[in-house]
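Undergrad: Based on what follows, work out the 3D shape:
(one chain, ligands or ions: 1)
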Amino acid sequence: MSRKPVRWAIGIDLGGSSIKGGLVGEDGRILMFNRIPVERLGEAERIIAALQHEVERLAREAANRGWEPVGVGVASPGSIESARGIIHKSPNLPHLEGYPLKDHLVRLTRLPLHLVNDANAAALGELKFGAGVDYRHFALLTLGTGIGGAIVVDGRLYQGAAGFAGEIGHMVIDPEGPACPCGNRGCLERLVGAPALLERAARLVGEARGESALGRLGKGALSVEAIAEAAQAGDVVALQVLAEMGRWLGLALISLINLLDPDCILVGGGIAQAGPPLFEAIRRTVGTHPMSGTARVVPIVTATLGPRAGAAGAGVLALWPELA
Ligand SMILES: [Zn+2]
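TA: Prediction:
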């Protein structure tokens, strides 16, 4: 008896600094995964050309194996109008705002195309193949330059009335906090996004007078990865930055948990690799809240797909469009 062949999709993660893509199988395999740096590609035509090149490469790889992809999924930062297949607003890809991305790629590939916000894609990837496989209700936070968010309810992505739900990074956490480009003050993203962490670390390094290894890094070498690494080695400044970050994140999670009553919270992104120093700080804050304290402890776990999450999730959407 022959087994049913695995269905495949082309999954692309279009980012501000790179295009990642792979062939995504319904069994969770991601083949021919590739990352093309597109630093400051600039105008739409060049980004589209690079994207087109990547889609064509994967279509060719699939054809060489005798596979017919069921569709193409494209994850993009910013707010997405899925139905029309355009990027509505994207600070990281301003040149593509309003570009008819879906029409263009459908003409090229003759395959169904699904455009999705990158954090939503990451949540779909984790739901099918990653840390979310055992859960039906969860929120995902991706910690990077910005703070991405996504909500999964009853095993499906929750996108809201207009498709813009899950903007966890723009929850106002500190009304006296720094101004955010969205127009509010003290959004979570402004408090724990990479620029805020680096600024805080630089200030604390100055105050630590040589006690922190971060102070011995060359100019411009301070990064969130360096902070995560230093924290694991017990660096005072790195630990302080993560403790503060964990507190802000914990405050956001208290509201999220009370609102959604999720099975778990997934946390991804480079700085999540710092592990216990960050997660313990988050749990300390969440754990002090009486509502969550008396009910049950909601697990806060690390997302597992890493840099492949966006492309994997874009492929998941092409394989199972009903999940969005
Ligand atoms: Zn904001």
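Undergrad: what residues does the stretch 151-300 of the chain put near the ion?
TA: For the stretch 151-300 of the chain, the contact set with the ion under C-beta under 5 Å from the ion comprises 170, 180, 182, 184, 187. (Each C-beta comes from the backbone N, C-alpha and C, glycine too.)
Undergrad: Generate a ChimeraX selection restricted to the buried subset of these.
TA: Selection of the buried residues among those in ChimeraX, burial being defined by 16 or more other C-beta atoms under 10 Å:
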select :170,180,187
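Undergrad: quick one: the strands in the stretch 1-150 of the chain?
TA: Here the stretch 1-150 of the chain has its strands, by DSSP state E, counting those that start in this stretch, at 8-14, 18-25, 30-37, 72-76, 79-81, 86-89, 113-117, 138-143, 147-153.
Undergrad: Including mean pLDDT and mean neighbour count, could those go into CSV?
TA: Below are these laid out as CSV (pLDDT from 0 to 100; neighbours: other C-beta atoms under 10 Å):
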stretch, mean pLDDT, mean neighbour count
strand 8-14, 97, 29
strand 18-25, 96, 24
strand 30-37, 94, 15
strand 72-76, 96, 29
strand 79-81, 87, 19
strand 86-89, 87, 18
strand 113-117, 95, 26
strand 138-143, 97, 27
strand 147-153, 97, 24
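Undergrad: how about the ones you listed in TSV, adding distance to residue 63?
TA: As requested, these are exported to TSV (distance: least, C-beta to C-beta, whole Å):
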stretch	distance to residue 63
strand 8-14	11
strand 18-25	11
strand 30-37	12
strand 72-76	14
strand 79-81	28
strand 86-89	28
strand 113-117	18
strand 138-143	33
strand 147-153	32
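Undergrad: Tell me where this structure has helices.
TA: All helices of the chain, identified by DSSP state H, fall at 44-64, 101-109, 118-129, 188-192, 194-208, 224-232, 236-260, 276-287, 290-294, 309-319.
Undergrad: now for the ones you listed, which one comes closest to residue 94?
TA: Residue 94 sits nearest to helix 44-64 of all the helices of the chain, at 9.5 Å, using C-beta to C-beta.
Undergrad: I'd like to check the angle between the closest one and strand 8-14, please.
TA: Interaxial angle, helix 44-64 versus strand 8-14 (axes from the mean of the first three to the mean of the last three C-alpha atoms, to 10 degrees): 160 degrees.
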